[in-house]
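Colleague: sequence and predicted structure, then a few things I'm wondering about:
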Amino acid sequence: MSRPDTLIVVPARNEAQSIVPLIREIRQAAPTLPILVLDDGSTDDTGPLAQAAGASVLSFAYHLGLGGCVQAAYQYAFSEGFQYVIRLDGDGQHDPRDIPRMAFALQTSGCELVIASRYLNHSATRQITPRTVGTKVFQFILRILLDQEVTDPTSGYVGVNRRALELFSRSFPLEYPEIEALVVLQRRAFRFKEIPTTMRAREHGRSTLTPARVVFYMIHVLLGVFVNIVRIPSPMALFRRSKQ
Amino acid sequence: MSPFLLAMNCLGLLLFVVVFIAIRSEHLRVEHSVMWLGGAILFMIFALPTRILATFTRVLGIGAPETALMFVLIGAIVLVCFHYGTIISKLRDDNTALAQRLAILELELRKGRRNPV
């Protein structure tokens, strides 16, 4: 029997209450696909529980941050020869029943990145919260930079193909990676598309995004995007390019 | 020499000695001490009763040599802070890469134990 070409990646930190039901749901939605849980320095039993539930676990020695642990998963997937990686959050807000649609979009669209959007087709109500305000700001900026609308730029429910895996396994934003990753892809002339999804309410734990963090997040991401736009290649890189 | 400049000269010398002792006792690596030593030497030169400080004060249009010396001190501290910022950023990147590698190797080891060749 040949090995599946898609890996499901679940970043999780202190999600002991939600990780086992989530793994069960993923198994129901995509029974043949391997699951890799990224235990980002949890202080509870997230890692052992995920392992007992049948998932592989990447356990990090300390809290690496979302970008750092997702990049490790991309490095692992790339070295193991996977063609696609689908990532969904460990808090259970992303519906695993969308995995087959996501995999189909990755395989058939030719896009390097597929984003599950809660706002496409108006599937989520837009209450005015710090997060939705931030999303609006990023939508506006990304529309200018990418010349394409991204309805849910902060979505963590994404799939990537092998070309994006190769790029991201070498270089990936370490903090708040979603928006910077889009800009990085655009600079490489990679394509992306959105598919609609429905985000579920978090059943356990609390979101780490407080209003103060949303402001910090916005400043951090805007700076990251700006740096990516104006990044000047090193003289050595220019020399190598001229020799090619 | 004014008492202020004398005090600043002693401060520069003290900094030099402290950094040197820190290197000798391996509390500070040589490559990370260069900025401190350079700053201390620069500070001592400026605080000496030479024409350098007077010229520097006149060129910058600062009223008093003491103020110019504080300007040099602040500039040196900003440079050292920036230098350490770059070191910390590199260390963080290296540390992240190590933690990623460690996690992947651990997973491969667990898989290898489950399915020995």
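Modeller: Right, received. Where do you want to start?

Colleague: doesn't residue A:159 lie inside a helix?
Modeller: No - per DSSP: H, G, I helix; E, B strand; the rest coil, residue A:159 lies outside any helix segment and is strand.

Colleague: closest to the centroid, which residue in chain B?
Modeller: Residue closest to the average C-alpha location in chain B (C-alpha atoms, centre = their mean): residue B:80, at 3.8 Å.

Colleague: contacting residues for the closest residue to it other than its chain neighbours?
Modeller: Excluding the flanking residues, the one nearest residue B:80 by C-beta to C-beta, 6 or more residues apart in numbering or on different chains is residue B:35, at 4.8 Å. All C-beta spots, glycine's among them, are computed from the backbone N, C-alpha and C. Residues counted as contacts of residue B:35 (C-beta atoms under 8 Å, 6 or more residues apart in numbering or on different chains) are B:79, B:80, B:83.

Colleague: make TSV out of the residues you listed and add pLDDT and secondary structure.
Modeller: Compiled in TSV, the contacts of residue B:35 are given as follows (pLDDT from 0 to 100; DSSP: H, G, I helix; E, B strand; the rest coil):
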residue	pLDDT	secondary structure
B:79	89	helix
B:80	88	helix
B:83	90	helix
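
Colleague: which of the residues you listed lies closest to chain A?
Modeller: Distances from chain A to the contacts of residue B:35, taken as C-beta to the nearest C-beta, are shortest for residue B:83 (19.5 Å).

Colleague: quick one: name the residues of chain A near chain B.
Modeller: Residues of chain A lying close to chain B (C-beta under 8 Å from any C-beta of the partner chain) are A:56-62, A:64, A:68-69, A:71-72, A:75-76, A:79, A:174.

Colleague: list buried residues within those residues.
Modeller: Using 16 or more other C-beta atoms under 10 Å in any protein chain shown as the burial test, the residues of chain A next to chain B include A:57, A:58, A:59, A:60, A:64, A:68, A:69, A:71, A:72, A:75, A:76, A:174 as buried.

Colleague: go ahead and confirm the third one touches residue A:45.
Modeller: Right, residue A:59. No - Residue A:59 lies out of contact with residue A:45 (C-beta atoms under 8 Å); the separation is 11.6 Å.

Colleague: quick one, what contacts residue A:134?
Modeller: Contact partners of residue A:134, counting by C-beta under 8 Å, 6+ apart, are A:154, A:214, A:217, A:218.

Colleague: give me the element the residue of chain B found nearest chain A is part of.
Modeller: Chain A sits closest to residue B:100 of chain B, with a gap of 3.7 Å, by C-beta to the nearest C-beta. Taking DSSP states H and E as the definition, one finds residue B:100 inside helix B:65-114.

Colleague: and what of residue A:38?
Modeller: Taking DSSP H and E as the criterion, residue A:38 maps to strand A:35-39.

Colleague: what of residue A:23?
Modeller: Per DSSP H and E, residue A:23 falls inside helix A:16-29.

Colleague: what does chain B have sitting close to chain A?
Modeller: So chain B meets chain A at B:93, B:96, B:99, B:100, B:102, B:103, B:104, B:106, B:107, B:111 (C-beta under 8 Å from any C-beta).

Colleague: can you say which of those residues are buried?
Modeller: Taking 16+ other C-beta under 10 Å as the criterion, what is buried in the residues of chain B next to chain A is B:96, B:99, B:100, B:103, B:104, B:107.

Colleague: closest one to residue A:103 out of those, please.
Modeller: For those, the closest approach to residue A:103 (C-beta to C-beta) belongs to residue B:107, at 22.7 Å.

Colleague: give the contact list for the closest one.
Modeller: A:56, A:57, A:58, A:59, A:76.

Colleague: now the two most distant members of the residues you listed.
Modeller: The distance between the two most remote of those (C-beta to C-beta) is 12.5 Å, for A:59 and A:76.

Colleague: show me where chain A has helices.
Modeller: In chain A, the segments counted as helices under DSSP state H are A:16-29, A:46-52, A:66-79, A:99-109, A:130-146, A:162-170, A:177-187, A:211-230, A:235-243.

Colleague: just to revisit the earlier point, Serialize the buried ones among the residues of chain A next to chain B to a markdown table and add fields for pLDDT.
Modeller: As requested, these are exported to a markdown table (pLDDT from 0 to 100):
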| residue | pLDDT |
| --- | --- |
| A:57 | 96 |
| A:58 | 96 |
| A:59 | 95 |
| A:60 | 95 |
| A:64 | 91 |
| A:68 | 93 |
| A:69 | 94 |
| A:71 | 96 |
| A:72 | 96 |
| A:75 | 96 |
| A:76 | 96 |
| A:174 | 80 |
